[in-house]
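Novice: Below are the sequence and a predicted model for it; my questions follow.
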Amino acid sequence: MCFNLHKQFPLISRSGLLSKLIEQLPFEDGSVCALKLPDLPGGAKAFELAMKFCYGVKFELTALNIVSLRCAAEYLQMTEDFGEKNLILQTDQFLKEVFTDWTDSLRALKTCQEVLRPAEDLYIVSRCIDSLATKACCSSIPDSITHLPQSTPAIEISDENVVAWNGISSAAGQKAEHLQGWWFDDVSFLNLHLYKRLIMAVESKGMNPEMISGSVMYYARKYLPLMTSQQLRPGATPVISNLLPSEEDQRMYLEELVTLLPTKKGVTPTSFLLSILRAAIFLQASSYCRENLERRVGAQLDEAALQDLLIPNMGYSVSETLYDVDCIQRIVDYFLITSQEANLSASIMVEEGAEFMVEREALTSMTIVASLIDGFLSEIAPDVNMKLSKFETLAATIPDYARPVDDGLYHAIDVYLKAHPWMTELEKEQLCRLMNCQKLSLEASTHAAQNERLPLRVVIQVLFFEQLRLRTTVSGWFFVSDNLDNPHHHLIGEINNGNVIDRMEDEIRLVVPEDDEMKERVSELEKECLDMKEDIEKLVKNKKSWGIFSRSIRLKQKLQSCNSEKSCDFKEPAPLSTLTASIDEQEEHSNDIAEVAAPQGFKFH
């Protein structure tokens, strides 16, 4: 753009640069001098405002034009040496007012992107960032904020979880939590370079990591569409659009944003870490970036959801698995390393109570991860391309003590056997060694005893451990019965309060049945045990397993019904030699037995 201006006044009197350039040109009356200013910051718009200032034409200074005008004034050397209250002084004074306001500071910082180098040299960028960081760290919202976003998706706080100290949900408390991220949307319009500097500034001023993580998450979801896109599902073809950032730009954004995420455990939700890891794999981010994300996920794997672990294999083909099993294997390995480090740190604690709490939390986390991985194994088991070695390695990574019950693992093994019918008996037995038959619930044991896909040896082990449970139940029942013999004398020797003794005697009389009735029930149990022994002998010969198991279940139900009618008092119960003999006869088929606790929750088909 061309400007027709006077050579003498007022340019020479206000601008040192123009004065020097004009003096170097040959001077003739009526001649026209042509000056080129290709490097002028702000271009024609900034030069026009500067010339208006020189000619005394009034115009409005705003947060949108102040930065470019200040840079242009510096370029034109409009200092106090060329007139009082020159443009540099005027713009500096206005900038001080801009820095006192959030909205104006943000607008000024956005315009710095157009004249970044001169704005950096004049410290305008750093002053804008410092102003914004100071205001973002304040607990109150600046008065210049006239509207807030409809929601603040960066901070994942559920309304039902926002409660007061007394446990009562507070609408005011919910609003306050959501308003903490009032600045997320405003700063998301900055380019990556300026945004990164702003996050580093708020961190240096002591902002809590949760808020920093929330802002980075908000920014990432805005500029990384692949994180929320359904294109990352297995077999999907990415849709290329001119409206979306290129994959190269997204990869750059992703790698930079990962470095901005706080490293403190639990600050960034695991679901977000897994989603950005999925995008990193798709965008072929650097190995350092992916390893960093895998380590972070591993450190808090107990907070993950099964659906988030289903990371599609980006190189999926006919011969490859549907999901990235190797990635999950590395994440589990990182989790175990983190757990071991936590246990070592707990072992050197002075306070025993604190050490106990850490160990209990570690065990709880390990149990949660075990259940999570069992679910993941069930998801990948139907994949015909899933190699047995990978499946076994992932399943064996979880220590045995982390599984209170092996129902989930049994379910995954059963699904794998069903999807891979060509497996040999040796491979099936090798796979089934992963689970502990003693740690199967009653429902799982019932299913396993009828499961034709399991090797015969495994079925026998299941039946054997069910008999062990049965023997323990019967022995415990008779132990209680013996202790109820002549309870009055025992209570009298222990308690001296007559009123208490009278009440306890009345209660005992109510729970003691007749001796004849008890002997009749014991006889029925002995008969059942004899039948069980005969069925076991037949099982070894003809591989029929269900008869003995069904009788054991019926026997257990009878025992439970007997116990439900209160314990009874008799002096000489019938012997259990028959039951003991039938159980001891099968002890050669037992495996190593681990201590267990059995939560419920699996359905078998």
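Specialist: Happy to help now that I have it. Numbers count the residues shown, from 1 in each chain.

Novice: low-scoring pLDDT stretches of the protein, where are they?
Specialist: Low-confidence segments of the chain, defined by pLDDT under 70: 1-9, 26-32, 139-140, 142-179, 228-244, 316-319, 345-362, 474-605.

Novice: Give me the domain ranges for it.
Specialist: 11-136, 206-233+244-449, 466-589 (automatic domain parsing).

Novice: Tell me which stretches of the chain form strands.
Specialist: Taking DSSP state E, the chain contains no strands at all.

Novice: which ones are touching residue 59?
Specialist: By Cβ atoms under 8 Å, 6 or more residues apart in numbering, the contact set of residue 59 is 49, 52, 53. C-beta here means a position set from N, CA and C on the backbone, and glycine is covered the same way.

Novice: Give me the neighbour count for the first one.
Specialist: Burial of residue 49, expressed as a neighbour count using other Cβ atoms under 10 Å, amounts to 23.

Novice: hang on, the earlier thing: next, format the contacts of residue 59 as TSV and append distance to residue 296.
Specialist: Formatted as TSV, the contacts of residue 59 follow (distance: Cβ to Cβ, whole Å):
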residue	distance to residue 296
49	49
52	54
53	53
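
Novice: Counting only helices, which of those make the cut?
Specialist: Among those, the members falling in helices are 49, 52, 53 (criterion: DSSP state H).

Novice: I figured the first one was touching residue 65, is that so?
Specialist: In this case it means residue 49. Yes - with contact defined as Cβ atoms under 8 Å, residue 49 reaches residue 65; the gap is 6.5 Å.

Novice: thinking residue 194 is in contact with residue 124, fair?
Specialist: No - applying Cβ under 8 Å as the test, residue 194 and residue 124 come out as separate, 11.7 Å apart.

Novice: shared neighbours, these two?
Specialist: residue 112.

Novice: Mind checking which of these two has more residues around it?
Specialist: residue 124 (26 against 20).

Novice: list the contacts for that one?
Specialist: Counted by Cβ under 8 Å, 6+ apart, residue 124 has contacts 67, 70, 71, 95, 108, 112.

Novice: Same check on residue 314?
Specialist: Applying Cβ under 8 Å, 6+ apart, the residues near residue 314 are 281, 282, 324.

Novice: Please report how far it lies from residue 387.
Specialist: Per Cβ to Cβ, to the nearest Å, residue 314 is found 19 Å from residue 387.

Novice: go on, residue 439?
Specialist: 26 Å.

Novice: related to what we said a few turns ago, which of the ones in helices among the contacts of residue 59 sits closest to residue 376?
Specialist: Each of the ones in helices among the contacts of residue 59 was scored against residue 376 by Cβ to Cβ, and residue 49 proved nearest at 62.7 Å.

Novice: What sits closest to the closest one if chain neighbours are left out?
Specialist: Distances taken as Cβ to Cβ, 6 or more residues apart in numbering place residue 69 nearest to residue 49, at 5.2 Å, with adjacent residues excluded.

Novice: Could you pull up the residues touching the one you found?
Specialist: 42, 46, 49, 50, 61, 87, 91.

Novice: at 10 Å what do you get?
Specialist: For residue 69, the contact set (Cβ atoms under 10 Å, 6 or more residues apart in numbering) comprises 41-42, 45-50, 53, 59, 61-62, 87-88, 90-91, 94, 111, 115.

Novice: hmm, which of the residues you listed are the buried ones?
Specialist: 41-42, 46-50, 53, 61, 87-88, 90-91, 94, 111, 115 (16 or more other Cβ atoms under 10 Å).

Novice: Going by neighbour count, list what's buried in stretch 437-452.
Specialist: Quick answer for stretch 437-452 (16+ other Cβ under 10 Å): 437, 438, 439, 440, 441, 444, 445, 446, 447, 448, 449, 451.

Novice: Select from those every entry located in helices.
Specialist: Counting by DSSP H, these contribute 444, 445, 446, 447, 448, 449 to helices.

Novice: export the residues you listed to a markdown table and tack on distance to residue 134?
Specialist: Formatted as a markdown table, those follow (distance: Cβ to Cβ, whole Å):
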| residue | distance to residue 134 |
| --- | --- |
| 444 | 60 |
| 445 | 65 |
| 446 | 66 |
| 447 | 64 |
| 448 | 65 |
| 449 | 70 |
